[in-house]
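*Asks:* Sequence isn't available, so here's the structure alone:
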C-alpha cells in the first residue's frame with residue numbers, strides 16, 4: 001500500500017472540516033404549540049466533541065475577546081454557576 005501524498009491528506013483535512021462545519025450549522029424548523037416557528041440546531045454532542053478535538057489537534061485557538069459567541073457563552077456559564085451558588089475563584093469553584 002502506498003503512502004498518501006501531502007495533497008491527498010490536505011484534501012482529506014479540508015473535507016473533514018467541511019463536513020463538521022455543515023453538521024454544526026444544520027438546523028430544522030419546528031412549530032411550537034402557539035404556532036410560532038423556531039429554528040434549532042441538530043448537531044449532536046458527539047459531533048461537537050469531534051469538532052473540538054479536531055480544532056485542538058490542529059492547534060486552533062481563540063480568545064473570548066476575539067469572538068462574540070465565546071463572550072456570550074462565557075456570560076451564560078457565569079449565570080448558570082451563579083444560579084447554582086458557585087463562584088469562580090482563580091479557575092476553581094468555591
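*Replies:* Perfect, thanks for sending it. What you are looking at is a predicted structure, and each value in this text was computed from that prediction instead of being measured.

*Asks:* Residue 62 is in what secondary structure piece?
*Replies:* Under the criterion DSSP states H and E, no helix or strand holds residue 62.

*Asks:* With residue 71 as the reference, measure out to it.
*Replies:* Residue 62 sits 11 Å away from residue 71, taking Cβ to Cβ, to the nearest Å as the criterion. Quick note: C-beta positions are derived from backbone N, CA and C, even for glycine.

*Asks:* Pull the number of nearby residues for residue 50.
*Replies:* 15 (other Cβ atoms under 10 Å).

*Asks:* any idea which helix or strand carries it?
*Replies:* With DSSP H and E as the test, residue 50 turns up in helix 45-57.

*Asks:* For that helix, buried residues please.
*Replies:* Using 16 or more other Cβ atoms under 10 Å as the test for burial, helix 45-57 gives residue 51.

*Asks:* next one: stretch 16-36
*Replies:* Of the residues in stretch 16-36, those buried (16+ other Cβ under 10 Å) are 20, 23.

*Asks:* out of residue 62 and residue 71, which sits in the more crowded spot?
*Replies:* More crowded of residue 62 and residue 71, by other Cβ under 10 Å: residue 71, with 13 against 10.
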